[in-house]
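K.L.:
Predicted model follows, preceded by the sequence.
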Amino acid sequence: MNWYELARPLSINLKGGYHISCPYGYVGRGRVRVRIKTRDYFLKIAKKRARSVLTSGGLEPVADSGGEGGHSVFTSAFIDALKENQAVFDADELFSKIRRPVQRQADQTPESADIRRAGHEGGNFLFVKQKKEIASISPEVSKPKIIGRDGTLIAYSTGVVYDKKTGLEWIAGSNKDTTWDEAKKWVESLNIVGGGWRMPTRKELKTLYKKGSGSFNMTPLLKTTQFYVWSGETKDSSWAWFFGFRYCNEDWSIRDISINTRGFAVRSRR
């Protein structure tokens, strides 16, 4: 910690590329205190518990608009400060960056303080700029190609078929005879395009029925050569509900039966 006499406007160039300046009139008993926050400081402070608060104002009413992008003045200043961050800074520095801009644009003064009797140990919140891992995102995942359309249905190169009407995304399982337990195991292991897949309900399966469509009254975008599809609805440990697209029939079936039956996965995009 260093102290500097304030007899004139202060402008100090420090090692590591830091620059500190202060105009006339700063009250601090004739001196200004300068803390250089090094890597060691951040490592030390990160190990301590922090219980502090940063508010958009005091007891006065605060503006909920007036900033860029439809944000409040406080939120806009907060976002600008984060955008300017090139490495890491703590909540104290964040507060110093947003206090004056908010005061200039609104009749409010942001406040920052430790929360008493809440377990504060002298730590601080650290804001670290994250690097974008662009290289790890394949073009197929980020922007899948459309390879087919059928009414409200859109097929993508990932194997997903999206129904714009219901908001549901579908994937057809392996084109082979499948028991209910095999279908469930496959769906639970599915992680294509972010995961979140499950077995469909009987109501969701009915939304795929289109009389006269494809070979079995089902869109040809879902690649399957059979017409029975398991739902995720069960009755005790032996029975599960299925839907038959050829004859538009549905019923309970023993879960171990696999003849002409397939597994589909579904999830909601909305």
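P.N.:
Received the coordinates, thanks. Bear in mind the structure is a predicted one, so any value in this text is a computation, not a measurement.
K.L.:
Residues in contact with stretch 241-253: which ones?
P.N.:
180, 202, 205-206, 208-209, 211, 216-218, 227-231, 233-235, 239-240, 261 (C-beta atoms under 8 Å, 6 or more residues apart in numbering). Every residue, glycine included, has its C-beta placed from N, CA and C.
K.L.:
Read off the pLDDT value for the residue nearest to residue 64 when sequence neighbours are not counted.
P.N.:
Spatial nearest neighbour of residue 64, chain neighbours left out: residue 72 (4.9 Å); criterion: C-beta to C-beta, 6 or more residues apart in numbering. Looking at residue 72, its pLDDT is 89.
K.L.:
Would you mind measuring from residue 72 to residue 51?
P.N.:
For residue 72, the distance to residue 51 equals 25 Å [C-beta to C-beta, to the nearest Å].
K.L.:
who has more neighbours, these two?
P.N.:
With neighbours defined as other C-beta atoms under 10 Å, residue 72 and residue 51 compare such that residue 72 has more, 19 against 13.
K.L.:
was I right about that one contacting residue 57?
P.N.:
No. Assessed by C-beta atoms under 8 Å, residue 72 is found out of contact with residue 57, at 10.2 Å.
K.L.:
Point to the residue nearest the middle of the chain.
P.N.:
residue 194 (11.7 Å; C-alpha atoms, centre = their mean).
K.L.:
What values do phi and psi take at that one?
P.N.:
Residue 194 adopts backbone torsions of phi 100, psi -10, taken as degrees, to the nearest 10.
K.L.:
Please tell me how far it sits from residue 263.
P.N.:
Residue 194 sits 19 Å away from residue 263 when distances are taken as C-beta to C-beta.
K.L.:
now residue 121
P.N.:
53 Å.
K.L.:
neighbour count winner among the two?
P.N.:
Neighbours per residue (other C-beta under 10 Å) separate residue 121 from residue 263, with residue 263 holding more: 27 against 10.
K.L.:
And for the more buried one, nearest residue in space, chain neighbours not counted?
P.N.:
Residue 263 sits nearest to residue 183 (C-beta to C-beta, 6+ apart), 2.8 Å away.
K.L.:
again, but for residue 86
P.N.:
That would be residue 129: by C-beta to C-beta, 6+ apart, it lies 6.3 Å from residue 86.
K.L.:
give the contact list for the one you found.
P.N.:
85-88.
K.L.:
now for the longest helix belonging to the chain, which elements pack on it?
P.N.:
Assignment by DSSP state H gives helix 91-105 as the longest helix of the chain. Judged by 3 or more C-beta pairs under 8 Å, 6 or more residues apart in numbering; DSSP states H and E, the packing partners of helix 91-105 are strand 52-55, helix 73-84, strand 111-114, strand 126-128.
K.L.:
Quick one: distance of the third one to the chain centre.
P.N.:
Counting by C-alpha atoms, centre = their mean, to the nearest Å, strand 111-114 is centred 29 Å from the centre of its parent chain.
K.L.:
Just the buried residues of the longest helix of the chain, please?
P.N.:
Judged by neighbour count using 16 or more other C-beta atoms under 10 Å, the buried positions of helix 91-105 are 91-95, 97-99, 101-102, 105.
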